[in-house]
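Visitor: Model the following, please.
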Amino acid sequence: MKDDALPQIHLVRDTDLGVFAYELHILAGDFLRESEFNLRSLAASTGPDSIAVMGKNHIWLADALSAYYPTGELYRMAAMTEYPAARAFLFHTERKEDGRLYGDVLMTDLDTLRQDIERNTLYPYGVSMEYRDGTKAEAGIERWESMDLCEKDALKTWRYLYAPEQVTEWQHFYQGRFSQWREQAFPYMPQDLEERLNVEYMEAAQNPDMDMYRIPPGTAKQMLLDGGPVYRLFPGGPEKVPPIAAVTGLWYENYREFAVRPENLGAVDRLVRRETDRIMGIRPQPDKSQERRPSPER
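Guide: Residues are numbered from 1 along each chain as shown. The predicted model follows:
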């Protein structure tokens, strides 16, 4: 399975969305620095749908609507990302239990999402403005675009306005699009898809070891502080990192690529669960199960 090209659209059913999102940040590349912002965005989303755009060096996650209007951060990131292997992850929340979000995830290439955005872009009808003295006003798009920069700088805040019926129509459209893509998708278990993405991450290493799972330096340091085994990828093969490296200057050596063995993925799961709880403000619940993930064969 690992030798076959990933199909265009992938589906992960009924999974913990926070855990899956965090694992994307550490198993599909080094996106750890963006994990807090993105998970908080997922938790704070006002609707059931969020989208994450994954480029070569960045992941940006926001409400799905942000991808479909020109003023949205996701719209700009999708338009500006030139990385050929860029992907989009569509999160759909079905329910919330003990503070955790559960639902489906679709993964597709960014071009597929771009084409859909181009056909269904939402455009604002005006701008809501608030001046520094508290006065509020509205302006049409033509008026806004003709305003001088000094006039805009005089504003305290401003935001684009979208017709409520237009947003409602888009929401119905997006629900239908998600359902359509879900029917076309190839289903994966979350662990299997993460493993496939991690294979790509490992292949990009300077000294890859395909019998291990690559993790970013920040995750390696956290695991060492927790007492978990971590390996540094050297030209001659992986070498176990001493725990003291978590508090010494060894992180500034030339070889800054790290990995864990398959039998140590349970420690990764525990770290992910803990960090997800912390970032999303979830009170930890007793875990009655053992390690979530079986040790995979490679």
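Visitor: Quick check: beta-bridge partners of the residue nearest to A220 when sequence neighbours are not counted?
Guide: In space, and not counting its chain neighbours, A220 is closest to F258: 3.8 Å by CB to CB, 6 or more residues apart in numbering. For the C-beta atoms, the positions are set from N, CA and C on the backbone; glycine is no exception. For F258, the beta-bridge partners under DSSP bridges are I215, R232.
Visitor: Neighbours of F258, how many?
Guide: 26 (other CB atoms under 10 Å).
Visitor: With the one 3 residues further on instead?
Guide: Counted with other CB under 10 Å, the neighbours of R261 add up to 17.
Visitor: With the one 5 residues further on instead?
Guide: With neighbours defined by other CB under 10 Å, the count for G266 comes to 16.
Visitor: Next one: it from R274, what distance?
Guide: From G266 over to R274 the distance is 13 Å, taken as CB to CB, to the nearest Å.
Visitor: chain center to stretch 258-275, what's the gap?
Guide: With CA atoms, centre = their mean, to the nearest Å as the basis, stretch 258-275 stands 18 Å off its chain's centre.
Visitor: That stretch: which residues count as buried?
Guide: Across stretch 258-275, burial judged by 16 or more other CB atoms under 10 Å covers 258-262, 264-273, 275.
Visitor: need the contact list for K156.
Guide: By CB atoms under 8 Å, 6 or more residues apart in numbering, the contact set of K156 is 130-132, 134.
Visitor: Tell me the buried residues within these.
Guide: Taking 16+ other CB under 10 Å as the criterion, nothing in the contacts of K156 is buried.
Visitor: Test my guess that R273 contacts F20.
Guide: No. With contact defined as CB atoms under 8 Å, R273 does not reach F20; the gap is 11.9 Å.
Visitor: burial count for E97?
Guide: A count of nearby residues for E97, using other CB under 10 Å, gives 9.
Visitor: sorry, back to before: ok, so of the buried residues of stretch 258-275, who is nearest G126?
Guide: Using CB to CB, E275 comes nearest to G126 of those, at 41.5 Å.
Visitor: how about the helices in the stretch 101-250 of the chain?
Guide: 110-119, 141-146, 149-153, 164-184, 190-203, 217-225 (DSSP state H, counting those that start in this stretch).
Visitor: any chance of those helices in TSV, with mean neighbour count, mean pLDDT and distance to F91 too?
Guide: TSV is the format used below for the helices of the stretch 101-250 of the chain (neighbours: other CB atoms under 10 Å; pLDDT from 0 to 100; distance: least, CB to CB, whole Å):
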stretch	mean neighbour count	mean pLDDT	distance to F91
helix 110-119	16	92	13
helix 141-146	12	91	31
helix 149-153	9	91	34
helix 164-184	13	93	10
helix 190-203	18	95	12
helix 217-225	19	92	22
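Visitor: what would those helices look like in TSV with distance to A85?
Guide: Output for the helices of the stretch 101-250 of the chain, formatted as TSV (distance: least, CB to CB, whole Å):
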stretch	distance to A85
helix 110-119	9
helix 141-146	36
helix 149-153	38
helix 164-184	19
helix 190-203	8
helix 217-225	22
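Visitor: what's the closest of those to P243?
Guide: Of all these, helix 217-225 sits nearest to P243, with 5.2 Å by CB to CB.
Visitor: who does that closest one touch, helix- and strand-wise?
Guide: Applying 3 or more CB pairs under 8 Å, 6 or more residues apart in numbering; DSSP states H and E, one finds that helix 217-225 makes contact with strand 258-260, helix 265-280.
Visitor: State the pLDDT value of the nearest residue to S66 once chain neighbours are set aside.
Guide: The spatially closest residue to S66, leaving aside those adjacent along the chain, is G72, at 3.5 Å (CB to CB, 6+ apart). Confidence at G72, expressed as pLDDT, is 85.
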